[in-house]
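Colleague: got a predicted model here, sequence first, then my questions.
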Amino acid sequence: MTLYRNLTIRQKQIVWAWAFLTLPVIFYGVIRFYPTGSAVLISFQDWNLLGERTWIGADNYIQLWNDPVFWKVFKNTFVYLLLGTPVSLVLSFTIAYHLDKLRFLHSFVRMLYFLPFMTSAVAMAWVWRWFYQGVPIGLFNNILAKFGIAQIEFLNSTSYALPAVLAPAVWAGLGFQVIIFMAGIRSIPTSYYEAARIDGVGWWTVLTQITLPLLRPTIVFIVVFSSIGFLRIFDHVFNMTTNNPGGPLNATKPLVLMIYDTAFNSFNMGYATAQTVVLFTILLIVSLIQLRLLRSA
Amino acid sequence: MANLVLNNLVKAYGKTEILHGINLDVDDGEFVVFVGPSGCGKSTTLRLIAGLEEITSGAIEIGGREVNNLEPKERDIAMVFQNYAIYPHMSVKKNIAFGLRSSKASKAEKEKRIQEVAGILDMVDLLERKPDQLSGGQRQRVAIGRAMVRDPAVFLFDEPLSNLDAKLRTQMRLEIKKLHQRVGNTIIFVTHDQVEAMTMADRIVIMKDGYIQQVGTPDDVYNRPANTFVATFIGAPSMNMIDGEIVEGGVSVGSEAVLSVPIEGHEKGMVTVGIRPDDLKPDIGTPVLKGTVTVCEPLGPETLLYVETGQGEVIAKADGRTAPQVGDSVQLGVDLSTVHLFDHKTGVALTS
């Protein structure tokens, strides 16, 4: 006890800080960092989950490099990212921008947009799957039929399946982004807009010269968040293509689904962890780039 | 440049009326300050003039042209906001140029105008900086610059000095006044600070609860306040208000004295006597009140005395070097020409 009492105030604060940090540090060590490290290790081994682990060097990575499915999946993942992020950004901003001006039933409409975010992805995916069915079950094909347009096999076409799977994923994330955008828009002082009104500039100038530049931190945050989300997309794809996960012909398969397949259907742990390490690296690079953008803002 | 007329201006939000018929004529080139406690309607009046809010009834004329239904940009006004409303992502130059965006002038003309304004405001070197590299006073000047660059008929200032520290405020006060002398545009300036109002204004408009209490020069409102509100609002510390009674030959204040001030034309009865602390001094002039000093506030050249009298606590001013001490009994006197009389019920000044 005397040992503690003789510490300076600053040292005592450090002791207490570490006392409180112990639990999260242990948690992170055991649950996050240790598995991350061992995943990197396993990626250099051959292991079927039960048998012996054997060192095979970079064979898993070489196999990955030469695997056409991996490149297809790699491309899919980036299509999800490069299509999903801008689309959801533009949509959520447009909604937030107009919702902010809406007074009548404001909270109710906002709630409607937020609802999908709280809904289980599985339930949502199955409802959307239903929408995509052919006549007379599917909503979209029924509408198409009404206008005499040919049926679209949304989930069975190699070109339409990916956007069809992406749509509900975008929709699900929209509510959250709308809320964040609204908070950003509301935090812009009204005097900026009043000054612009007195200066007599048009709404387009106000939007591009005032609103959007001042929303930059909000935009960067949403881009980082939704990018990570789309790079890790899994549950929507898995549930909408359960008969043939990632199908048709791997047209919708994202990296996470490939990892899941390799690990828990083929039990090829080494190969799966090699894919995980690649995904980890991609996520790290994308996040770092975006973080740098955030700093310069 | 132009004059400004407010004609029976009324503003209501739903059923709550907050401006009850404001009438005011502002001359071309005049510097008018609206002053009053918060919620008195001074900022609302300014926003109505700017066109940021719609008027409920009445009329606003700028330069002889009714502007009731005109957009702010068509009113030939410019406004400086309390938080300056300078865009943080634009350089000083771009901020100032923003005021010219909708103008049809050529690029060279605009550039010339910006340089001119920057010259007047002494910030040519600052043009390329971003707002976060500027001090409070410099930001203030950018805001003024953005307003000036449009050369409006009327400048509107909405409490522009309240975000500055005391020293800078005094300095900017002076700068704005000099600027006005130089450019000569009509200025409407809103503040809650009576010192700002007194020091800058050609005429002061004192407002309370949506009514104009008095319009007049600083000399008018200080020396001839229209009512007890104006009397206590202008001047620091506030004017002492003492109950008195109009009797034969003058006004009696308690049992201590009868002040022989002119009372012609006023009925006998209760009256409110107003004496500024500056005019109430120990052992000088006609004796009015007697009491004990409870607190002394030395200010250097003079000392404020809080004196407990039979008529309640009053504030008096004594010479700093010879001031009485706490606990001393003092006889407070006044120059009778500085005594103000107000109606006891309505608070309206009694003039004779």
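Modeller: Sure thing, it's come through.

Colleague: okay, CA-based contacts and neighbour counts for the rest of this
Modeller: Fine.

Colleague: partner strands of the top strand by length along chain B and their direction?
Modeller: The longest strand of chain B (DSSP state E) is strand B:286-298. Partner strands for strand B:286-298, per DSSP bridges, with pairing direction: strand B:302-309 (antiparallel), strand B:329-334 (antiparallel).

Colleague: as JSON lines, those strands with mean pLDDT would be great.
Modeller: Formatted as JSON lines, the strands paired with strand B:286-298 follow (pLDDT from 0 to 100):
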{"stretch": "strand B:302-309", "mean pLDDT": "93"}
{"stretch": "strand B:329-334", "mean pLDDT": "91"}
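
Colleague: adding distance to B:Leu164, write those out as a markdown table.
Modeller: Formatted as a markdown table, the strands paired with strand B:286-298 follow (distance: least, Cα to Cα, whole Å):
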| stretch | distance to B:Leu164 |
| --- | --- |
| strand B:302-309 | 27 |
| strand B:329-334 | 38 |
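
Colleague: could I get those strands as TSV with distance to B:Arg321 and mean neighbour count?
Modeller: Below are those laid out as TSV (distance: least, Cα to Cα, whole Å; neighbours: other Cα atoms under 10 Å in any protein chain shown):
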stretch	distance to B:Arg321	mean neighbour count
strand B:302-309	7	21
strand B:329-334	16	20
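
Colleague: okay, A:Ala297: pLDDT?
Modeller: Per-residue confidence (pLDDT) for A:Ala297: 56.

Colleague: tell me the contacts of A:Pro136?
Modeller: Shown in contact with A:Pro136 (Cα atoms under 8 Å, 6 or more residues apart in numbering or on different chains): A:Asn142.

Colleague: circling back: quick one: mean pLDDT over the longest strand of chain B.
Modeller: Strand B:286-298 shows a mean pLDDT of 91.

Colleague: ok, and does the helix or strand in which B:Ile60 is found reach over to chain A?
Modeller: Assigned by DSSP states H and E, B:Ile60 falls within strand B:57-62. No: using Cα under 8 Å from any Cα of the partner chain, strand B:57-62 stays clear of chain A, with a minimum separation of 15.0 Å.

Colleague: got it, and stretch B:87-99?
Modeller: Yes: against chain A, stretch B:87-99 shows contacts by Cα under 8 Å from any Cα at B:87, B:89, B:98-99.

Colleague: and the strand holding B:Ile60, what's buried?
Modeller: Buried residues in strand B:57-62, counted by 16 or more other Cα atoms under 10 Å in any protein chain shown: B:59-62.

Colleague: rewinding a little: just put the residues of stretch B:87-99 next to chain A in TSV and tack on neighbour count, pLDDT and secondary structure.
Modeller: Output for the residues of stretch B:87-99 next to chain A, formatted as TSV (neighbours: other Cα atoms under 10 Å in any protein chain shown; pLDDT from 0 to 100; DSSP: H, G, I helix; E, B strand; the rest coil):
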residue	neighbour count	pLDDT	secondary structure
B:Tyr87	22	92	coil
B:His89	16	90	coil
B:Phe98	24	88	helix
B:Gly99	24	82	coil
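
Colleague: just send those residues back as a markdown table, with distance to A:Gln45 too.
Modeller: As requested, the residues of stretch B:87-99 next to chain A are arranged in a markdown table below (distance: Cα to Cα, whole Å):
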| residue | distance to A:Gln45 |
| --- | --- |
| B:Tyr87 | 57 |
| B:His89 | 52 |
| B:Phe98 | 63 |
| B:Gly99 | 67 |
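
Colleague: mind giving me the domain split of chain B?
Modeller: Listed domain ranges for chain B are B:4-230, B:240-343 (source: automatic domain parsing).

Colleague: in TSV, list those domains along with distance to A:Trp16.
Modeller: Shown next, in TSV, are the domains of chain B (distance: least, Cα to Cα, whole Å):
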stretch	distance to A:Trp16
domain B:4-230	38
domain B:240-343	48
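
Colleague: and stretch A:179-195 with chain B, contact?
Modeller: Yes: using Cα under 8 Å from any Cα, stretch A:179-195 comes into contact with chain B via A:189, A:191-192, A:194-195.

Colleague: got the contact list for A:Ser287?
Modeller: A:224, A:228 are the contacts of A:Ser287 under Cα under 8 Å, 6+ apart.

Colleague: same thing but 7 Å
Modeller: A:Val224 (Cα atoms under 7 Å, 6 or more residues apart in numbering or on different chains).

Colleague: and it, helix, strand or coil?
Modeller: helix (DSSP: H, G, I helix; E, B strand; the rest coil).

Colleague: could you check the pLDDT of it?
Modeller: On pLDDT, A:Ser287 comes in at 84.

Colleague: do the same with A:Leu139
Modeller: 89.

Colleague: right, and it touches A:Phe131 too?
Modeller: Yes: taking contacts as Cα atoms under 7 Å, A:Leu139 lies within contact range of A:Phe131: 4.7 Å.

Colleague: what sits up against stretch B:309-328?
Modeller: The contact list for stretch B:309-328 (Cα under 7 Å, 6+ apart) reads B:240, B:242, B:254, B:277-278, B:280-282, B:289-296, B:298, B:300-308.

Colleague: could you rerun that using 8 Å?
Modeller: Contact with stretch B:309-328 is made by B:237, B:240, B:242-243, B:253-254, B:276-282, B:289-296, B:298-308, B:330, B:332, as judged by Cα under 8 Å, 6+ apart.
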